[in-house]
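Undergrad: Can you look at this prediction? I've put the sequence above it.
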Amino acid sequence: MHLRGEFHRADGLVIPNNITTFGARALLAMGFRGEACTLSVGLCSGVYDPDLVIGDLVEPTTTNGYARIALARNATDWPTEDSLNGEEYAESKNVFWTASGGNFSAPITRLFLFMVSSDFTGGIFGLSAALPEPLLITPTTPLGERTFRYRVYLR
């Protein structure tokens, strides 16, 4: 079995990511043991070691509206199941960030999918490749530049 994921930005940019060993193990635990978990999408910047943990990530502060966005494991938050070039995939709903009262505290260069479950202490499911340029989300950032979906492929 092969897993891979990618973030799709609303303006058409596709950002590949790596699904971590933690993510693959947690996915197996959900599917075969019925393990419950919470998924969240977040924004960060930096270059990371493959063994990263949530505490390693440099996220914007919660100033001016930044927060991770939860994705429930249901048909509302994961409405799309389809295939592309022989690979089956599931895709999340659009998630977007809005700066309120000013700019986010720092530009971002990556997105991540974070997972917390009762059987795992919490960890990074997937970390995207770097954006082509750092992005500072401001009150005037176009919606297409701050809206993303997560797609996970299984083959």
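TA: Everything's here; your move.
Undergrad: and L27, that's in a helix?
TA: Yes: the assignment for L27 is a helix, going by DSSP: H, G, I helix; E, B strand; the rest coil.
Undergrad: Just list whatever residues bridge to the residue nearest to it when sequence neighbours are not counted.
TA: Excluding the flanking residues, the one nearest L27 by Cβ to Cβ, 6 or more residues apart in numbering is L3, at 7.1 Å. C-beta here means a position set from N, CA and C on the backbone, and glycine is covered the same way. Here L3 sits in beta bridges with L154, going by DSSP bridges.
Undergrad: Could you check how far L3 is from E87?
TA: Noted for L3: a distance of 10 Å to E87, by Cβ to Cβ, to the nearest Å.
Undergrad: Which one's more surrounded, the two?
TA: Just comparing L3 and E87: by other Cβ atoms under 10 Å the higher neighbour count belongs to L3, 17 against 13.
Undergrad: who touches that one in this structure?
TA: 19, 23-24, 27, 152-154 (Cβ atoms under 8 Å, 6 or more residues apart in numbering).
Undergrad: Let me have those in JSON lines, extended by distance to C44.
TA: Converted to JSON lines, the contacts of L3 look like this (distance: Cβ to Cβ, whole Å):
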{"residue": "I19", "distance to C44": "16"}
{"residue": "G23", "distance to C44": "16"}
{"residue": "A24", "distance to C44": "21"}
{"residue": "L27", "distance to C44": "21"}
{"residue": "V152", "distance to C44": "19"}
{"residue": "Y153", "distance to C44": "23"}
{"residue": "L154", "distance to C44": "25"}
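Undergrad: Just the buried ones from these, in ChimeraX syntax?
TA: This is how ChimeraX selects the buried members of the contacts of L3, with burial counted by 16 or more other Cβ atoms under 10 Å:
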select :19,23,27,152,153
